[in-house]
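>>> I would like the atomic coordinates for the input below:
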Amino acid sequence: MNIPTEDSILLVDDEVITLKITRKLLVDSGYNVSIAKSSSEAMEQLANQRFDLVIVDVSMPSISGFDLIQLMQSFNYTVPVIFLSNNDNEWTKEEAKNIGALRFVSKEKEFNFLPSIVKEILERVN
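Below you'll find the model as predicted:
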């Protein structure tokens, strides 16, 4: 049994199936999860609601996850970020770190560990 939490997460990914599966995994772990199918949707939600964490895909059409983080920073949205991506090459991991993401999570290798990674990040920033 998972203990309910007040932690609110914004999940940003252009793949609907990924959003559904990831949201279910996190909701089942006790988190409040909102979803955005694009970076522009994410910015709209960030302007209207407070989130404790943003989980974002790197590769999205029009505005990438990297560009979203820079946009968030330009609007002074100081929300911790985790990148969740299939692109787990060294350049992508290094770029995620350089742009300010607290963690890079490989969809292929680490997806099932996401709830414990989220818990660790939230404990570290709170």
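>>> Just the residues contacting the lowest-mean-pLDDT helix or strand in the chain, thanks.
Of all the helices and strands that make up the chain, helix 90-99 has the lowest average by mean pLDDT, DSSP states H and E, namely a mean of 86. Contacts of helix 90-99 from elsewhere in the structure, counted by C-beta atoms under 8 Å, 6 or more residues apart in numbering, are 58, 66, 69-70, 83, 85, 104. Backbone N, C-alpha and C define where each C-beta goes, glycine included.
>>> chain center to that helix: distance?
15 Å (C-alpha atoms, centre = their mean, to the nearest Å).
>>> Then stretch 68-80?
Mean-position distance between stretch 68-80 and its chain equals 13 Å (C-alpha atoms, centre = their mean).
>>> Report the backbone C-alpha coordinates of it in PDB.
Provided in PDB are the C-alpha atoms of stretch 68-80 (Å, rounded to 0.1, in the frame of the first residue of the first chain):
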ATOM      1  CA  LEU A  68      11.100  23.700 -22.500                       C
ATOM      2  CA  ILE A  69      13.500  23.800 -19.600                       C
ATOM      3  CA  GLN A  70      15.200  26.900 -21.000                       C
ATOM      4  CA  LEU A  71      11.700  28.500 -21.400                       C
ATOM      5  CA  MET A  72      10.800  27.600 -17.900                       C
ATOM      6  CA  GLN A  73      14.000  29.200 -16.600                       C
ATOM      7  CA  SER A  74      13.300  32.400 -18.600                       C
ATOM      8  CA  PHE A  75       9.900  32.600 -16.800                       C
ATOM      9  CA  ASN A  76      11.600  31.900 -13.500                       C
ATOM     10  CA  TYR A  77       9.700  28.600 -13.000                       C
ATOM     11  CA  THR A  78      12.000  27.000 -10.400                       C
ATOM     12  CA  VAL A  79      10.600  23.500 -10.500                       C
ATOM     13  CA  PRO A  80      12.900  20.500 -10.300                       C
END
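>>> Name the residues of that stretch that are buried.
Buried positions in stretch 68-80, judged by neighbour count with 16 or more other C-beta atoms under 10 Å: 68-69, 71-72, 77, 79-80.
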